[in-house]
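**Student:** sequence and computational prediction follow.
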Amino acid sequence: MSEDYKVVEIKILNEIYKFKVNEPQEVIDPILEEIKENVEDLSKKIGKQKVNHILLLLLLNEKLNNLIFKEKTQDLLNEYKEKIENLPNFYDTKSVL
């Protein structure tokens, strides 16, 4: 991650947003494009709300998905940790013989 900040710009629902970022353009551009598409799609579904309202809905959805992902990941880690702990200790000759 470079410390050189640059300004990126995106137009969503006729409003221009500018951000200073220090991530590579090839990382930022797809993210901004996805956000733009999501906002425009939601705008069509729920009506011409203020962009801020739609962005908050997207943020809420993203945070909920992130929480679900973290919980599922932790469940998987716990499951595999338990399985690994129950494996025989191959360095313990008593358990092998």
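**Tutor:** Ah, there it is.
**Student:** quick one: neighbours of the residue lying closest to residue 51 once chain neighbours are set aside, just the number.
**Tutor:** Nearest non-adjacent residue to residue 51, counting by Cβ to Cβ, 6 or more residues apart in numbering: residue 13, 5.2 Å away. For the C-beta atoms, the positions are set from N, CA and C on the backbone; glycine is no exception. Taking other Cβ atoms under 10 Å as the criterion, the count of residues near residue 13 is 13.
**Student:** now residue 13: how far from residue 74?
**Tutor:** 37 Å (Cβ to Cβ, to the nearest Å).
**Student:** mind giving me the packing neighbours of the biggest helix by length in the chain?
**Tutor:** Criterion DSSP state H: the longest helix present in the chain is helix 51-85. Packing partners of helix 51-85 (3 or more Cβ pairs under 8 Å, 6 or more residues apart in numbering; DSSP states H and E): helix 25-46.
**Student:** tell me the buried residues in the helix it packs on?
**Tutor:** Neighbour-count burial for helix 25-46 flags 28, 32, 35, 38-39, 42-43 (criterion: 16 or more other Cβ atoms under 10 Å).
**Student:** one more: stretch 3-18?
**Tutor:** Neighbour-count burial for stretch 3-18 flags 8, 10, 12 (criterion: 16+ other Cβ under 10 Å).
**Student:** and these, which is closest to residue 67?
**Tutor:** Closest approach between these and residue 67, by Cβ to Cβ: residue 12, at 25.3 Å.
**Student:** would you confirm that that closest one contacts residue 36?
**Tutor:** Yes: Residue 12 is within contact range of residue 36, at 5.1 Å (criterion: Cβ atoms under 8 Å).
**Student:** returning to that earlier point: now for the buried residues of helix 25-46: which two are most distant?
**Tutor:** Longest span within the buried residues of helix 25-46, Cβ to Cβ: 28 and 43, 22.1 Å.
**Student:** where does pLDDT dip in this protein?
**Tutor:** 1-2, 49, 89-97 (pLDDT under 70).
**Student:** on that earlier part again, including secondary structure, could the buried residues of stretch 3-18 go into CSV?
**Tutor:** Converted to CSV, these look like this (DSSP: H, G, I helix; E, B strand; the rest coil):
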residue, secondary structure
8, strand
10, strand
12, strand
